[in-house]
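A.B. asks: Just a sequence and a predicted model for now, questions to come.
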Amino acid sequence: MRWIRQPVVGSIVITMLAFVTPGCGSDTQRLNVFAAASLGPVMADVEQEFEAANPEVDVVVNLAGSSTLAAQIVAGADAAVFASANVAQMDVVRDGLGLGAATVFATNALVIVVAPGNPLGIAGADDLARPDVVVALAAPEVPAGDYALQMLGRAGVEVAPSTLELDVRAVVTRVALGDADAGIAYLTDVVGRADVAAVPVPDDQQVLVEYPVLAIDPSTGGPFVEMLTSEIGRAILRDAGFGTP
Amino acid sequence: MTLAISVRRDLGTHHLEVDLEVADGERLVVIGPNGAGKTSLLRGVAGLDPIGSGRVAFGDEVWDDTTTGAHRPVEARRLGIVPQRDALLAHLTVLDNVAYGPRSRGLSRHAARRLAHDELERFGIAHLAAARPRSLSGGEAQRVAIARALIGEPSVLLLDEPTSALDLSAKAGVRALLATATTALARPALIVTHDAVDALTLGDRIAVLEEGRITQIGSGRELAAAPRTAYVAELLGINLIRGSLRGSVLTSGIFELTVGAHEVPSGEAIATVRPRSISLHRSRPEGSPRNVWRSRINSIDRTADRVRVRLVDPVEIVVELTSAGLDAIGVGEGDEVWASVKASEVVVTGG
Amino acid sequence: MTRRRNVLPRVLLVPAGIAVALFSLPIVALIARAPWAELGSILTTGDTRRAVGLSLITSLVTTGIALVLGVPLALMLARTRLPGRRIILAVCTLSMVLPPVVAGVALLSVLGRRAPIGRLLDDWFGVSIPFTGAAVVIAQLFVAMPFLVITLESALGAADRGPEETARALGARPWRVLATVTLPSVRSALVAGTVLTWARAIGEFGATITFAGNLPGVTRTLPTETYLTLQNDPDRALMLAVIQVAVCLGVLVALRRRWTPAITGGRP
């Protein structure tokens, strides 16, 4: 190991080792939670609660689009928990790894996002087809876009969107910046925001948005899922605008 | 028409302060040590650098006048210019280099090339037309640069160290070419150099530039006979003897000089002899020096403790010695005297 | 030909080899994993053709505009005593180090419909930049043009001024000096900078999606198409990536044949 005595080489090697062996040298147990991006704030709160109750566990939340996460998990990523924004991507993981049923822990609703004060007077899905309304939707390839299409189908409205965003938060950002007049997003994306307003979608056009969660590694992930579905988790979810079944 | 130059410019380490006139057909050489301001002067005249304050005019054509603010851009001065180094445009052929000026002044590509070809032929280098500058020898490249400078009847010629990048044998050829070409052009030619042989062979007049000022101006003969500064004495007070060389003997008229070891081919050549290496004697000296001849003192120039004695007949030669040395010999102007110099002190270069 | 003895320390082979592996293995894996059997059907779908066409058109328009704007900028920066030219150069190349998504947000902050200039355009001309092909080009320009400017500026800065002065002294006016001496003297940098700019433009994703959005045939370039496809059809996404690599290689090889001496600086 003569070469490792050279300070530069040595420090590089040690740095690299530190990266590839996380948690090395500490007693805490690492728990990887893969969660849909829209669950970010919720997961941060649940993580805090869980770590307070289980000091020996270090929860690491990996936020991304559900389909990206599903692909990573199927490809062998070390995930103990998967919380998806739709059932389809959960099925991808269940089929891919041969796992049992998942639990729906939260529901969400679609809203039409408009500028504060709704200057264009958008009352419902019909107005999204108006030529003077610039509409931003999520791309059909991501869950929010798929839901939006379902909703518009139920409303019987044909919309020509100006852009198909890669994730639902970008839809809200478009409206917030004023480049789009309206968009379709989750209720939870607009709760507590002052820079956009929400126009509710009537029940007959509403789409059932369910968030399933699954402990991929039941021994380590199980307790986390339990907390998520407990009254503590449900309270956090409700604060963020989610429905709890 | 006359090129009139009057320049006052701060060069940082010193001031450039030059007033010069160059007449049609005259070759004025500005010589001086590095950093004296020679290139700044030339660039100022060309319009490439500011002149500070002053005036540059060619005949009635005012090129620069800082009192009126008149300025004629470089490209409108019709210069024939040979820059100091990398004179040729590397990405163009020799032909297109020579055609560049005429083309820039509005000739069609075809006409410019034809003109350039004629010019190359005039200089005997038409065979280089298709070559790229990179493939040329130093001497060839400089010939091309001179041809390019002379094409299309330039107003004045500006040459920056025209031989400094060349080896000995190429220097001689380029000097000869410059001499004939500038004579044929009959326009003012301003040549900047630090090479004494350039100055003495090319200069109708030589202006010595030291620390931004002209310290002496005159013909090579005048400067050599009576240098006013140590620099002039050291550099220009050198004797040049033209003649034909055969083996170790250079013949100039009836005068024969045995020269030191050399590699110059037989034919036209120039011998240089430093004034201090020549000794004077009242009577024919005894002993070894190979070159001994009888001559006559034309003039004596005393500066401080040095004396420069100008001999004429059979050749013009300047001898430098101490006042005491001259007094010891006891000769004066008009007297006959014997001169001697060792062969090893006589250096030949190509002619 | 005599073989020269190598003077480099042999140990350098190791990092150099790692570097080669770092570059080549992912591409090789990409090619190996791509579902070649579906190449035909993927190539002929409208989505693919629209994305490839849009990417080619926008990146070439970007490259053209980058030349028109970037060459004068590089000349100004390298050849004038512009006050604060170093600061200008830094500002003009800042977008190279900006995360592309941030670059997109920055563009929105100027040209968005409610942003200072975007609002004027909307009020005066009824023009809205985001969600248009123009926005794609602007996003690409913003992140790609610095490659041309920086390459050309450094070449111009290093180039000898002598030939330009000679040309002027020979009677060439400024435009002629520029065309016949200045630009030819930095030809290899000009070509290299152009190719880099184009490559960066055709691969641009983050700034484009953030500023221009994503709509098939209008703003959905090949990288966006690939990213979206990755969400639910990874196989097709891989194939699209291979197509992108092939398109870029094709253009580079075509250029290289024509410009080999320029790109390699005269080395065969």
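C.D. replies: Structure received.

A.B. asks: Name the residues of chain A found near chain C, please.
C.D. replies: Proximity of chain A to chain C is confined to A:65, A:67-68, A:71, A:134, A:136, A:139, A:141-142, A:161-166, A:170, A:174, A:177-179 under the rule CB under 8 Å from any CB of the partner chain. In this view, the C-beta of every residue, glycine as well, is placed from N, C-alpha and C.

A.B. asks: Of the residues you listed, which belong to strands?
C.D. replies: Among the residues of chain A next to chain C, the members found in strands (DSSP state E) are A:Ala136, A:Thr163, A:Leu164, A:Glu165.

A.B. asks: Would you confirm that the second one contacts C:Thr210?
C.D. replies: No - with contacts counted by CB atoms under 8 Å, A:Thr163 stays clear of C:Thr210, the gap being 10.5 Å.

A.B. asks: and these two? which has more neighbours close in?
C.D. replies: A:Thr163 (28 against 25; other CB atoms under 10 Å in any protein chain shown).

A.B. asks: Contact partners for the closest residue to that one other than its chain neighbours?
C.D. replies: Among residues not flanking A:Thr163 along the chain, C:Gly213 sits closest, at 2.9 Å (CB to CB, 6 or more residues apart in numbering or on different chains). Applying CB atoms under 8 Å, 6 or more residues apart in numbering or on different chains to C:Gly213 gives the contacts A:Ala136, A:Ser162, A:Thr163, A:Leu164, A:Glu165, A:Arg174, C:Pro130, C:Phe131, C:Ala135, C:Thr219.

A.B. asks: For C:Gly213, give me the pLDDT.
C.D. replies: We have a pLDDT of 92 for C:Gly213.

A.B. asks: and if you look at B:Ala269?
C.D. replies: 83.

A.B. asks: Identify the bridge partners of it.
C.D. replies: Applying DSSP bridges to B:Ala269 yields these beta-bridge partners: B:Gly243, B:Gly350.

A.B. asks: Near residue 67, how many other residues are there?
C.D. replies: Since no chain was named, I'll use chain A. 22.

A.B. asks: switch to chain C, that's the one I care about
C.D. replies: 17.

A.B. asks: do the same with A:Thr229
C.D. replies: The number of residues packed near A:Thr229 is 18, by other CB under 10 Å.

A.B. asks: Helices along the stretch 51-200 of chain C, start to end?
C.D. replies: For the stretch 51-200 of chain C, applying DSSP state H, counting those that start in this stretch gives helices covering C:85-93, C:100-111, C:116-125, C:133-158, C:162-169, C:174-177, C:183-185, C:187-203.

A.B. asks: Quickly note the distance from the residue nearest the centre of chain C to chain A.
C.D. replies: By CA atoms, centre = their mean, chain C has its centre lying nearest to C:Thr197, at 2.1 Å. Counting by CB to the nearest CB, to the nearest Å, the gap from C:Thr197 to chain A is 25 Å.

A.B. asks: Does that residue touch C:Ala144 like I think?
C.D. replies: Yes - the criterion here is CB under 8 Å, and C:Thr197 meets it with C:Ala144 at 4.6 Å.
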